[in-house]
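Participant: A structural model of the following input is requested.
(2 chains)
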Amino acid sequence: MRAAILSLVAVALGGCAADGHVGFRPPDCVLDSDCPGAQVCFQDGCGDPGSNLYIEVTGDNTSLHPQDFDVSAMGGASAVMNLSLRGPLTLSGRLQRNAPELGGPVDYNGGVTITANGQSDLIQGLFRHFSTVVLPDTSAYQMFIGAGSYSVTARANDVSVPYQTTQINSGPGRLSGASFTFKSVNDVITVNGRLVKTSKPVLVTQPGMSIQAFETVNGTPLSQISLVSSSGDFTLHLDPAAAFSSSIALVASPRDSTLLVPSKTFVVSPVPVSQSTLGVLELGEFGDKLPALTGTLLGSDGRPIASATVKFEGKVNGDGVFKSRTVVTDEHGVFSVDLLPSERDEQYLMTAVPPAGNASGIMEIKVSAGLYEQLPSLLSGSPLAPKTEFTCPPRLQITGRVTQPNGQAAFGVRVTATALASLEDPTSGPLPIEPISATTDFDGQYHLSLDPARYQLDYAPADGLLPRKSRIVRVSGDFFDAGSALELGEVVLSAARTVSGTVSVRPNTLDVVNLPDGGVDLDAGQPYSTGAPVANAVVRFYRVSSVEGLASALLVGEAVCDEKGYYSVAVPDRAKSTPAP
Amino acid sequence: MAKGSKFGSSAVAGGLLWAAFALSACVLPQNDDPLPVVPPVKNRPPRIVPTTTHPARLFEFSLDPSCKAPTVEAVVEDSDVEDSIRVRWSVYKDDGTRGSMQIDQSIVEPAGVVRRSITASSLLFQVTDLAQTGTARQLELLVADGELKIEGDKVTAQPRIVPFADSGTTLDQSYIDSYTWIVNTTRNPCFP
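Facilitator: Sure, this is the predicted structure:
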């Protein structure tokens, strides 16, 4: 056991013993004192605490969306850093539709939803999403966005108009433009068909369905979601780009996910290049809803698990895939779920996730749903037999200790474990989606119950006077003896230096230069006017580094400005004194 | 006799002097009232700063696998920097009734600062009614600086018991603030 503990600690905190075992390259340090000079031990190894720092500032939720600052470009981290935002970053454009019969594009005013999905250019891994609704009778739009690179999509209210997508960059000093010209009516490939439950021996329709076309290789949507009529008739309007694909996938899904109907994918090849009729698509005889199926979820100690989530997904008769809605166990560990009968040779994958903090972990099991001696039952085993109790495996118990830079126990540190990825082990279960937290006691000790996965552990001191610390650990059952807890070792918080300043915003100047893409350059004119303080702006300091080959943004400090725009953040620094023994 | 008379006069004078001192406490006005006990500072309520809520009040969330769960966040302001903040997320169905599942987030511990940011668990978009397509639903963020008491659909913050120096106690009110988003769940795909 001792050897096992040591090997995991090595993996978790920077040793090299288990490097080859997990394909995970640990950092080259455990403590700041392992690093040379004034460097600090970060999750990716030793590093200069003043380098690779970036700041995200969010002014408000209406127009001053996030803008990012490169600290090195500002001369490095200093005690006072005043952050000056540019006026709201905007994305604007015109909406048109091709109309060759009218001599060219004409304004489109049928109502459009514009969505921008992207991420920060400076702080990798910070995803940003913005959207706006353009009302009918309007053929132009303007929306506020944050800095970054985006895929901007225009979705017309009229489902016969395929999506239009473009890429843009947005940043301070530049107002972005993205105009859209939808395909003409004649360019769109119109495909008709009929979706039914079964066509033989009698035709049975399936109300409440929708259908959409996708490119089969990369999954790019080629049409909007079309509703299937109660008689099963549907019309899809494909982007002309579909004609260049060798095949397309039509995905039929229930409109309301509470409907007990499977989703089914139909591959169409060759792809129609002009108006066509596909004929009848059959969902198949997937059967009728079974009476509510119940079961009891138990922990490894045999006690019921309350507030666990349970869901089922699997193939049903007719080759469709049915996903149940997620249900929650009651105080007796009992769940009740509506399912379709399982396909003869296929089973559902049942996934149960106990709540955070429970000593039992995620369970996955293959089960069938059907009638057993005329009673609705969940069945497992060989031969299949009713199963009413499901036992979750124990979570792995992790303990550790957090100390201050002077060696004293750190009380009240919030330790949060966020799952990053499943283990490489093919038997590894699904990724836990909910972060698990614990707080250190007066001895600096903490305790976590975790499912196997790779985690980022964030240590956030309670008083905000010391900076946050993070580690990446691999939690695997390989290292555990039954019933024992893993001692993760000691984490020493880094010393802090305080960075403070004010956040202000300069209004966009009127002296602008129009760019060819419809954007506007604000930096080509007069000196900026004086900025006004931004109350309640959220200031976050990130350290961007490469963790296991992936760019990773690690939050090292966070503050919210007061009403005068003043902020103060503790960021890592090298301790001046050595830790006490 | 004279001697005795002199002694008697001294005794009487001493007695009078003693009486003057002893009785003065009764007859002379005294300003010896104890200083009034300074009452403890009353709890001040937390507040969700409206300009910091993200995303916009009305937002769309897609179940399509190509889409990421949205980041829902807000800043809570509490002048009592030592207060812990309880956070509860509730989803209301389109008919206005509360959904079957609420999520009580980890307590936001004191951090020595007035404003603390809160981010919703992605679990909200996987296990609550938000994970069902259909019509718009309400997502309510509720913050409190006291223990939450939940009775059916009614959620209140429990007052705190404040001890006095004389071993007595009093109740100090705790407060709740909330903010609501309208969420439209769709299956629209997201483009890379």
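Participant: separation between A:Cys561 and B:Ile107?
Facilitator: Look at A:Cys561 and B:Ile107: by Cβ to Cβ, to the nearest Å, they are 24 Å apart. Backbone N, C-alpha and C define where each C-beta goes, glycine included.
Participant: who's more crowded, these two?
Facilitator: Taking other Cβ atoms under 10 Å in any protein chain shown, A:Cys561 and B:Ile107 do not tie; A:Cys561 has more neighbours (25 against 13).
Participant: that one touches A:Val534, doesn't it?
Facilitator: Yes - the criterion here is Cβ atoms under 8 Å, and A:Cys561 meets it with A:Val534 at 6.4 Å.
Participant: so what are the sheet partners of the longest strand seen in chain B and their directions?
Facilitator: Assignment by DSSP state E gives strand B:176-186 as the longest strand of chain B. If you go by DSSP bridges, strand B:176-186 pairs up with strand B:58-62 (parallel), strand B:137-144 (antiparallel).
Participant: mutual contacts of A:Cys561 and A:Val534, please.
Facilitator: Both A:Cys561 and A:Val534 are in contact with A:Val503, where contact means Cβ atoms under 8 Å, 6 or more residues apart in numbering or on different chains.
Participant: got the contact list for residue 89?
Facilitator: Here I'm looking at chain A. A:His65, A:Gln67, A:Phe144, A:Ile145, A:Gly146, A:Ala147, A:Ser170, A:Gly171, A:Pro172, A:Arg174, A:Leu175, A:Ser176.
Participant: my question was about chain B
Facilitator: Counted by Cβ under 8 Å, 6+ apart, B:Trp89 has contacts B:Gln102, B:Ile103, B:Asp104, B:Gln105, B:Ala120, B:Ser121, B:Leu124, B:Thr128, B:Leu139, B:Glu140, B:Leu141, B:Leu142.
Participant: go again using 6 Å as the cut-off
Facilitator: B:Ile103, B:Ala120, B:Leu124 (Cβ atoms under 6 Å, 6 or more residues apart in numbering or on different chains).
Participant: check B:Arg88 too.
Facilitator: Residues in contact with B:Arg88 (Cβ under 6 Å, 6+ apart) are B:Gln102, B:Asp104, B:Leu142.
Participant: so it bridges to which residues?
Facilitator: The partner residues for B:Arg88, given DSSP bridges, come to B:Asp104, B:Leu142.
Participant: what about the residue in the stretch 451-581 of chain A that chain B sits nearest to, how many neighbours?
Facilitator: Here the stretch 451-581 of chain A gets closest to chain B at one residue, A:Val560, 3.4 Å apart by Cβ to the nearest Cβ. Counted with other Cβ under 10 Å, the neighbours of A:Val560 add up to 22.
Participant: cool, B:Asp104 as well?
Facilitator: B:Asp104, neighbours per other Cβ under 10 Å, totals 16.
Participant: and the gap between it and A:Asp330?
Facilitator: In terms of Cβ to Cβ, B:Asp104 sits 17 Å off from A:Asp330.
Participant: mind giving me the domain ranges of the chain?
Facilitator: If you meant another chain, say so; for now it's chain A. Domain ranges of chain A: A:198-282, A:300-391, A:396-484, per automatic domain parsing.
Participant: that answer is for a different chain, and I need it for chain B
Facilitator: Following automatic domain parsing, one finds the domains of chain B at B:1-28, B:47-186.
Participant: now those in JSON lines, with mean pLDDT and distance to A:Gly208?
Facilitator: Listed next are the domains of chain B as JSON lines, based on pLDDT from 0 to 100; distance: least, Cβ to Cβ, whole Å:
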{"stretch": "domain B:1-28", "mean pLDDT": "62", "distance to A:Gly208": "92"}
{"stretch": "domain B:47-186", "mean pLDDT": "85", "distance to A:Gly208": "11"}
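Participant: those: which one's closest to A:Ala553?
Facilitator: Evaluated over the domains of chain B, closeness to A:Ala553 peaks at domain B:47-186, with 13.4 Å, by Cβ to Cβ.
Participant: and the pLDDT for A:Val512?
Facilitator: On pLDDT, A:Val512 comes in at 56.
Participant: repeat for A:Tyr455
Facilitator: 88.
Participant: neighbours of it, how many?
Facilitator: 25.
Participant: my read: it touches A:Arg474, true?
Facilitator: No - taking contacts as Cβ atoms under 6 Å, A:Tyr455 lies outside contact range of A:Arg474: 7.8 Å.
Participant: hang on, the earlier thing: nearest to A:Thr205, of the domains of chain B?
Facilitator: Closest to A:Thr205 of those, according to Cβ to Cβ: domain B:47-186, at 20.5 Å.
Participant: and that closest one, how far from the chain's centre?
Facilitator: Its chain's C-alpha centre and that of domain B:47-186 lie 14 Å apart, by Cα atoms, centre = their mean, to the nearest Å.
Participant: check stretch A:269-284 too.
Facilitator: 34 Å.
Participant: pLDDT on that stretch, on average?
Facilitator: 89.
Participant: so what touches that stretch?
Facilitator: Here stretch A:269-284 makes contact (Cβ under 6 Å, 6+ apart) with A:190-195, A:197-199, A:206, A:242-243, A:245, A:247-248, A:264, A:266, A:318, A:320.
Participant: pLDDT at A:Leu488, what is it?
Facilitator: 80.
Participant: same question, A:Pro136
Facilitator: 91.
Participant: SS state for it?
Facilitator: Here A:Pro136 is recorded as coil under DSSP: H, G, I helix; E, B strand; the rest coil.
Participant: same check, this time on B:Leu16
Facilitator: Going by three-state DSSP: B:Leu16 is helix.
Participant: would you mind naming what in chain A lies close to chain B?
Facilitator: Counting by Cβ under 6 Å from any Cβ of the partner chain, the residues of chain A close to chain B are A:60-61, A:117, A:127, A:151, A:153, A:165, A:221, A:256-258, A:309, A:326, A:328, A:414, A:433-434, A:437, A:462-464, A:536, A:560.
Participant: again, 7 Å this time
Facilitator: A:60-62, A:117, A:127, A:129, A:131, A:151, A:153, A:155, A:165, A:219, A:221, A:225, A:253, A:255-258, A:309, A:325-326, A:328, A:412, A:414, A:433-434, A:437, A:439, A:462-465, A:536, A:538, A:558-560 (Cβ under 7 Å from any Cβ of the partner chain).
Participant: tell me the buried residues within those.
Facilitator: Buried by 16 or more other Cβ atoms under 10 Å in any protein chain shown: A:60-61, A:117, A:129, A:131, A:153, A:155, A:165, A:221, A:225, A:253, A:255, A:257, A:309, A:325-326, A:328, A:412, A:414, A:433-434, A:437, A:439, A:462-464, A:536, A:538, A:558-560, out of the residues of chain A next to chain B.
Participant: those residues in strands, which ones?
Facilitator: A:117, A:129, A:131, A:153, A:155, A:165, A:253, A:309, A:328, A:414, A:437, A:439, A:538, A:558-560.
Participant: what about residue 76, neighbour count?
Facilitator: Looking at chain A here, since you left the chain open. Counted with other Cβ under 10 Å, A:Gly76 comes out at 12.
Participant: not quite, go with chain B.
Facilitator: Neighbour number of B:Val76 under other Cβ under 10 Å is 25.
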